[in-house]
Every structure is written in C-alpha cells, then in structure tokens.
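Chemist: Below is the sequence, then the predicted model.
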Amino acid sequence: MAVYWRERGDDDKRLAPRQGSTRTVARLIQEYFRSPDFLDLEPSTKRTYRSSLNELVDLVGEDPVADLRFRHVNKIIGDMANRPAAANKMLKRMRTLFGLAVRLEWIDRDPSAGVRQFKTGEIHTWTDDEIQQFRDRWKPGTRQRLAFTLQLCTGQRNSDVVAMQWPRDGRIQVTQEKTGARLWLPVPQELEDELDRHERKHLVILATEYGKPRSAAGYGNWMREAIRSANLPARCSPHGLRKAAAAHLADAGCSAHEIMAITGHRTLGEVERYTRAAQQEILARSAQAKRTKNVRLATPRGQTGNPSKSETKSNP
C-alpha cells in the first residue's frame, strides 16, 4: 500500500496500514481515496479534502471506526471552535467517510449524525468604497492593480486568475480548475486599459518576477498583503472580489444565466448566494416605485389626484 500511494503521488506514511490494524479510520480514508467519490473530484478539491483528512488521521487514525461515537465526533469538532470554517469542513469530510463506512458495512450508523456545524458568516462582498480605496492605494500600471482588475472584471477564483493567459481576439480563455468549465470571457474596457499598461513578457498574465506562474495560495497571500497595505478591513479578501463581480453584473440587470456565463457557476442557487444583496436592493427599489405609483393613483372616488385649494390652505 505504501508503494501504491507513493506511485500515485500520495506518499503519506500516516495513511500506511499498521500491523494488526483493521477497519481503522486511517484504513477507511484509504478506502475513500480509492473510491469514485474521491477520484472524480477536481485536483484542487482533492487537495483541500486531503488537508482535512490528514488532520483527522493525526487525531484518531488508529482508532477502529466502530468504536467512534457521537461524543467523540462532537469533541473533535468542538475542539476546533477557534477555527469554525475548518471545523465545518472537517465535519463534512467525516460525514462522507462514515457514509462510506456504512456502505461498506463497517458500521450500522453514522456517528456524526446530530453534530451541529458552527455558524459562520459568508465571504464579504467588497463595497464600492472598498474597491475605490484599493484603487487609490494601487495606481494603474502596478502589478497589484492589474491583479485586482483582472479578478474584479472576470469574477474568477484565485486558482483560475493565476493561470490566465493574455487575451486573444478580445477574449480570455479560462478552464476552471474546480469545475472544469471552459469559459471565453470578453475583456471589458477597464481591464483592456490596464492590460495595455503592462509588457507581455510571459505566457501567463500574473507571472512572478522570475517569470513563473503563481500558485493559488501564493497569489492569495500576495493579494492579502496588498489589501492590508491599502488599510482595508480584514473582511476584504481576494475571493470577495469574485462576489463583487457577480454583484456588479446583477446591479447592471444581468440575468442569472448571464452571470453564470461569466462566473462559471453551475447552479442558479450558487449565483443567488453571490448576488442576494444586489438582487434584494434592485427588487426593493422596484417594489417602492410600484407602491409610490399605486398610491398616487389610488385617490378616493369622486376626487382627482390633486388636492383642492381649501385643502392646500388648511393643510400647508
């Protein structure tokens, strides 16, 4: 098994089977890594799953799956209270594992059933003021302004922004790492102007100073440093620019399917999460406009919509 996982690029001794161990958590994770549920995932998703599962191996890898109870799972998640987002991801991975264990007939029921997730806020959508504050700090022609404009105008994830190549025929081609979706994105004027300020030295747009493509993690760290330099609050993240891009499209009156054509979201529900606030404001303005129009028309029978002179005098 050690040779097998090493040949697959997964040389992690924590997952190697131990002498005499059967049906442990570590062994269950091995079974999961061989399953279509895992093998069909995109590479970036596999990496995040592995991160959570490796942490789980460190905690209970040698424990038999059948010995785990609700209280054990609840304690593992509770001990991660200072990292609520990571705890929620861990709980999702555990439920996937225990679902597999039930199908394999290692256990009769999922011990994570009933364990509650932490409440976490959504990723912040950049406001117009925050966007302007970043622009004020990083002027046109800087690499930070280029990265910012590229992400805001295309609405793509970090992993896709770093792989973008220079546009051809006024379009940027993107194959999303997470979904595999292939997109052709027209280049808006703001992005075209910024791209024209930079020399095309390398194949990818956001190459490092050494001409190498950036990693998604490295890009995220680099952008967060630029965000801190602009004295923006911690809630502003690179991914929040993707949400801002979707919100701007919604503000412009784009349909959900038009937004999906830019962002690459697969379902209407995903788009709705990104544009909920913008759509609410648009609908609220429309509702108030209709209400105002209706109030003006709804005058008492026999009266016109204009007050009489006596009413005007007595009710200044």
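Modeler: Yep, it's here.
Chemist: now for stretch 154-167, what's the gap between its first and last residues?
Modeler: 12 Å (C-alpha to C-alpha, to the nearest Å).
Chemist: That should have said stretch 253-266, apologies.
Modeler: End to end - C-alpha to C-alpha - stretch 253-266 spans 20 Å.
Chemist: buried set for it?
Modeler: Neighbour-count burial for stretch 253-266 flags Cys254, Ala256, Ile259, Met260, Ile262, Thr263, Gly264, His265 (criterion: 16 or more other C-beta atoms under 10 Å). Bear in mind the C-beta positions are built from the backbone N, C-alpha and C, glycine included.
Chemist: Could you check how far the second one is from Arg276?
Modeler: Spelled out, it's Ala256. When distance is defined by C-beta to C-beta, to the nearest Å, Ala256 is 12 Å away from Arg276.
Chemist: what residue is smack in the middle of the protein?
Modeler: With distances taken as C-alpha atoms, centre = their mean, the residue of the chain nearest its centroid is His239 (6.3 Å).
Chemist: what's that residue sitting at in phi/psi?
Modeler: The phi/psi pair for His239 (degrees, to the nearest 10) reads phi -70, psi -30.
Chemist: ok so, going back, nearest to Ala66, of the buried residues of stretch 253-266?
Modeler: His265 (39.9 Å; C-beta to C-beta).
Chemist: Run through the residues that contact that closest one.
Modeler: Ile259, Val271, Tyr274 (C-beta atoms under 8 Å, 6 or more residues apart in numbering).
Chemist: From Pro188, how far out is Asp63?
Modeler: 54 Å.
Chemist: I'd assumed Gly155 was in contact with the residue nearest to the centre of the chain.
Modeler: No. Assessed by C-beta atoms under 8 Å, His239 is found out of contact with Gly155, at 10.6 Å.
Chemist: picking that back up, as TSV, the contacts of His265 with secondary structure would be great.
Modeler: Below are the contacts of His265 laid out as TSV (DSSP: H, G, I helix; E, B strand; the rest coil):
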residue	secondary structure
Ile259	helix
Val271	helix
Tyr274	helix
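Chemist: give me the low-pLDDT residue ranges for the protein?
Modeler: For the chain, the stretches flagged by pLDDT under 70 are 1-21, 277-278, 297-316.
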